[in-house]
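>>> Model the structure of this input:
(2 chains)
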Amino acid sequence: MTARVLVLGIGNVLWADEGFGVRCVERLAQTYAFGPDVRLLDGGTQGLYLLPFLEEVDTLLVFDAVDYGLAPGTLKIVEDDEVPAYMGAKKMSLHQTGFQDVIATAQLMGYCPEKLILIGCQPEELEDYGGGLREVVSAQITPAIEIAVEKLRGLGVDVQKGQTRSPDLADPSIQRSAYEMGRPSEEEACRVGDDRFLPQDV
Amino acid sequence: MVSTPNGFNIDNSGKRIVVDPVTRIEGHMRCEVNVDENGVIRNAVSTGTMWRGLEVILKGRDPRDAWAFTERICGVCTGTHALTSVRSVEDALGIMIPDNANSIRNLMQLALQIHDHIVHFYHLHALDWVNPVNALKADPKATSELQQAVSPSHPMSSPGYFRDVQNRLKKFIESGQLGLFKNGYWDNPAYKLPPEADLMATTHYLEALDLQKEIVKIHTIFGGKNPHPNWLVGGVPCPINIDGVGGVGAINMERLNMVQSIIQQTLEFNRNVYIPDVIAIGGFYKNWLYGGGLSSKACLAYGDIPENPNDFSPEQLHMPRGAIINGDLSTVYDVDPRDPEQVQEFVDHSWYTYGEAGKGLHPWDGITEPNYELGPNAKGTRTNIEELDEAAKYSWIKAPRWKGHAMEVGPLARYIIGYAKGHEDISDQVTGLLKTMDLPLDALFSTLGRTAARALESEYCSRLQQHFFDKLITSIKNGDSSTANVEKWDPSTWPSEAKGVGMTEAPRGALGHWIKIKDGRIENYQCVVPTTWNGSPRDTEGNIGAFEASLLDTPMERPEEPVEILRTLHSFDPCLACSTHVMSPDGAELTTVKVR
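I've put the predicted structure just below:
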């Protein structure tokens, strides 16, 4: 029997590069076909809601924007014990404390997936509410997907070119192109924020 | 010392304590208090540390899509924001939803309430009262006896069961992954439970984790998916095909049976575990009745869970609507969210500007223009504030007021309003609880009262779920399978300009979305969220908000360990992700507590 797999994209699409994980899963569904043992899920901003999905699989692959202090757009892959340990050592994003807790909770309950893979991308810009992915991060979606496909094939998962229909992806109105194309202009809607969180001088 | 117009005495001369961030909440929040020489809190300053502005992303979008954006604001109230959003659009365009859609929306909204209340109590708030590390010292046999005394109907109570849980907990804590229980002050004398009660409550922490997975299946069944279920302007996006088998997304008998079983399971948990736990834990803290704050003076609820579709008149709402002011429980005022004189937001102490001081704006006319400046007495720099100056601007949260009054919102506010109005279910629950615990009505106005109201409400919500489930089944059996009204789906049927308001009761309090539509697009969109009410900074007149009021006069065992501050702030179930801007790139992992 092949391993049951959850491919999860997490992050808040409303915060520019924070949406990396969700966009990866969205693209993966458009470009590859998976069998019934693989679930593609837009985890969005959720924490404990994701617990039941972890319980039903042996392998968890997560796409996410993670702050490792590297050059923007750098991909970083960590596996197994390193995933929660690394998450604990370095804060990555708003919801990750949440996701780290989800993994810890799954461990406490005794149903954390055996195999954990995190494909992270260093964001360039997070402090742009309503914004989309920046160029350097967007350019890493395809490489990130290729790494995921290779990892999954290495685990014996059947992956073919094609498409996967999944009810677990974002509503069309906030899928990437609709979301980014429909953004109000800077003149229409204020984009200034708190300079404690925006590095440049105001 | 200063007396505020809303009846509180504040004195900022004592030692200042800064807690930043406040942990185990959604979003970022900072709190500063001054304590006197006896360690009693005499001044409190709460601040949302980040900027918000939903309008910046919704302007110019299709109103029918707004729910999908609002659902992404944060990780907690997803469905409640979506429901509020579709209601605001339906209100603006005069769209009537069918009866089944009302029942299904109520079932989803109630599932979210119950899920949030249970997860909040066991996974975020209980750790302010319960010490999981101390649970390792418990005698499983004595724990079993305690469990059977506290709740004879709960079947999971054998000594062997508690021994197993204790071993599991021990293994987890010894593995060094204390992640879930980090930031605890486990040797603080503020913790009063004997080890057996700690073990019982920690065991229920685990039981609640299993149950919460079931509760959210209601969202998957009716919302098509979870997380982030689907919503629809005009109804709900799930067809009913009662005889169908395996049809994608359609509601059939098999799925309805599953919903029934989840409702039953949840009701039993609320009755046999949640409420008995709150009573048992509360019994050890009966002399800790601090934290009432605004609750005895001014409460607000918009009300929710309409019996019939499209009818939001107060007598038709299962969750009560109303406003209480000046501590007078004999009069409950009705609330009109359209009246420009009732709900207004002020920014004199918030990092925004309206161009003139002392001005309040109704949300339909709301503007969000940031103006970040620290007061002359603030310490530190613009990027590293050491101490806020609350006499000037000090928060990214605006100050909403109802007819000029600072209001508390949330389960306790709903229960006080329900009790004052003589709402039968609510009054019975409140009276019963006070009798069981042998406490006077005044005890309700406290941190524990807030925590208890949430538990009672969770049980009430389970009963309401059963009511709407039965209603849905009856309707389907009578041949009505309609779930959406799409007559006004097409924007060509809309007026060129329209405005509407959507109201709900989110788990943490009154939530409103105000929308203006022009030529088929969103022109303005303002959310006034519960934590904006509770976490509000001061206003022009100097009235303090619910968080700040609730902290006053509380003694702290050890000022450097803010257990008491966390206890009271958590009792509001604060969620700052939508009341403020979201994150800091370096996001300090551990709370720093500075005593100056």
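
>>> any idea how far the closest residue to residue A:142 other than its chain neighbours is from chain B?
Nearest non-adjacent residue to residue A:142, counting by C-beta to C-beta, 6 or more residues apart in numbering or on different chains: residue A:27, 7.5 Å away. Every residue, glycine included, has its C-beta placed from N, CA and C. Per C-beta to the nearest C-beta, to the nearest Å, residue A:27 is found 18 Å from chain B.

>>> element containing residue A:27?
Using DSSP states H and E, residue A:27 maps to helix A:20-31.

>>> which other residues reach that helix?
Identification of contacts with helix A:20-31 by C-beta atoms under 8 Å, 6 or more residues apart in numbering or on different chains yields A:7-11, A:13, A:40-44, A:62-65, A:119, A:121, A:123, A:133, A:137-138, A:140-142, A:144-145, A:148, A:161-166, A:169-170, A:175-176.

>>> Filter the residues you listed down to just the ones in helices.
Among the contacts of helix A:20-31, the members falling in helices (DSSP state H) are A:137, A:138, A:141, A:142, A:144, A:145, A:148, A:176.

>>> Just the buried ones from the contacts of helix A:20-31?
Neighbour-count burial (16 or more other C-beta atoms under 10 Å in any protein chain shown) applied to those gives A:7-11, A:13, A:40-44, A:62-65, A:119, A:121, A:123, A:133, A:137-138, A:140-141, A:144-145, A:148, A:164, A:166, A:169-170, A:175-176.

>>> Among those, name the ones that also lie close to chain B.
A:13, A:42, A:43, A:44, A:170 (C-beta under 8 Å from any C-beta of the partner chain).

>>> Quick check: closest non-adjacent residue to the last one.
When you say that, I think you mean residue A:170. In space, residue A:170 is closest to residue A:42, 5.0 Å off (C-beta to C-beta, 6+ apart).

>>> Show me how far the helix or strand hosting residue B:168 is from its chain's centre.
Using DSSP H and E, residue B:168 maps to helix B:159-174. Mean C-alpha position of helix B:159-174 versus that of the full chain (C-alpha atoms, centre = their mean, to the nearest Å) differs by 32 Å.

>>> quick check, nearest of the ones in helices among the contacts of helix A:20-31 to chain B?
Each of these was scored against chain B by C-beta to the nearest C-beta, and residue A:176 proved nearest at 13.2 Å.

>>> Am I right that residue B:397 is in a strand?
No. Using DSSP: H, G, I helix; E, B strand; the rest coil, the assignment for residue B:397 is coil, not a strand.

>>> thinking again about what came up before, show the contacting residues for the residue nearest to residue A:170.
A:9, A:22, A:25, A:26, A:168, A:169, A:170, B:227, B:228.

>>> same question, residue B:5
Neighbour list for residue B:5: B:541, B:542, B:543 [criterion: C-beta under 8 Å, 6+ apart].

>>> does the first one count as helix, strand or coil?
Looking back up the chat, that one is residue B:541. coil.

>>> Kindly state the pLDDT recorded for it?
pLDDT recorded at residue B:541 is 93.

>>> State the distance from it to residue B:348.
For residue B:541, the distance to residue B:348 (C-beta to C-beta, to the nearest Å) stands at 9 Å.

>>> Compare those two (neighbour count), which wins?
Regarding residue B:541 and residue B:348, a neighbour count based on other C-beta atoms under 10 Å in any protein chain shown identifies residue B:348 as having more, with 21 against 14.

>>> Count the neighbours of the residue lying closest to the more buried one once chain neighbours are set aside for me.
Closest residue to residue B:348 apart from its sequence neighbours, by C-beta to C-beta, 6+ apart: residue B:540 at 4.7 Å. When neighbours are defined as other C-beta under 10 Å, residue B:540 has 16 of them.

>>> before we move on, what about residue B:493?
Residue B:493: 10 neighbours (other C-beta under 10 Å).

>>> wouldn't it be in contact with residue B:485 here?
No. Taking contacts as C-beta atoms under 8 Å, residue B:493 lies outside contact range of residue B:485: 11.9 Å.

>>> still on that earlier bit, and the contacts of residue B:5 as TSV, adding distance to chain A?
As requested, these are exported to TSV (distance: C-beta to the nearest C-beta, whole Å):
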residue	distance to chain A
B:541	26
B:542	25
B:543	25
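
>>> quick one: which of the residues you listed is nearest to residue B:534?
residue B:543 (13.5 Å; C-beta to C-beta).

>>> Would you quantify the distance from that closest one to residue B:10?
11 Å.

>>> shared neighbours, these two?
In contact with both residue B:543 and residue B:10: residue B:4, using C-beta under 8 Å, 6+ apart.

>>> looking at this, residue B:33 is in a strand?
Yes. Counting by three-state DSSP, residue B:33 falls inside a strand.

>>> Can you verify my assumption that it contacts residue B:46?
No. Taking contacts as C-beta under 8 Å, residue B:33 lies outside contact range of residue B:46: 9.2 Å.

>>> Just want to know which of those two has more residues nearby.
Using other C-beta under 10 Å, the more surrounded residue of residue B:33 and residue B:46 is residue B:46, with 31 against 27.

>>> Any idea what that one is bridged to?
Beta bridges link residue B:46 to residue B:31 when assigned by DSSP bridges.

>>> got the contact list for it?
Per C-beta under 8 Å, 6+ apart, neighbours of residue B:46: B:29, B:30, B:31, B:395, B:535, B:537, B:545, B:547, B:548, B:551, B:569.

>>> Chain A versus that one, what's the distance?
16 Å.

>>> same check, this time on residue B:236
14 Å.

>>> Please state the backbone phi and psi of that residue?
The phi/psi pair for residue B:236 (degrees, to the nearest 10) reads phi -130, psi 150.

>>> ok, now residue B:498?
phi -150, psi 150.

>>> just the one 4 residues further on next, same as before
Its backbone dihedrals place residue B:502 at phi -110, psi 140, with angles given as degrees, to the nearest 10.

>>> Could you double-check that it lies in contact with residue B:81?
No. Under the criterion of C-beta under 8 Å, residue B:502 is not in contact with residue B:81, lying 9.6 Å apart.

>>> Give the residues shared as contacts by the two.
By C-beta under 8 Å, 6+ apart, the residues touching both residue B:502 and residue B:81 are residue B:513.

>>> next SSE after the helix or strand bottoming out on mean pLDDT in chain A?
Least confident helix or strand of chain A, by mean pLDDT, DSSP states H and E, is helix A:82-89 with a mean of 60. Downstream of helix A:82-89, the first helix or strand assigned by DSSP H and E is helix A:96-109.

>>> what's the most distant pair in the ones in helices among the contacts of helix A:20-31?
A:148 and A:176 (17.6 Å).

>>> Stretch B:152-161 near chain A anywhere?
No. Stretch B:152-161 is not in contact with chain A by C-beta under 8 Å from any C-beta; minimum separation 15.1 Å.
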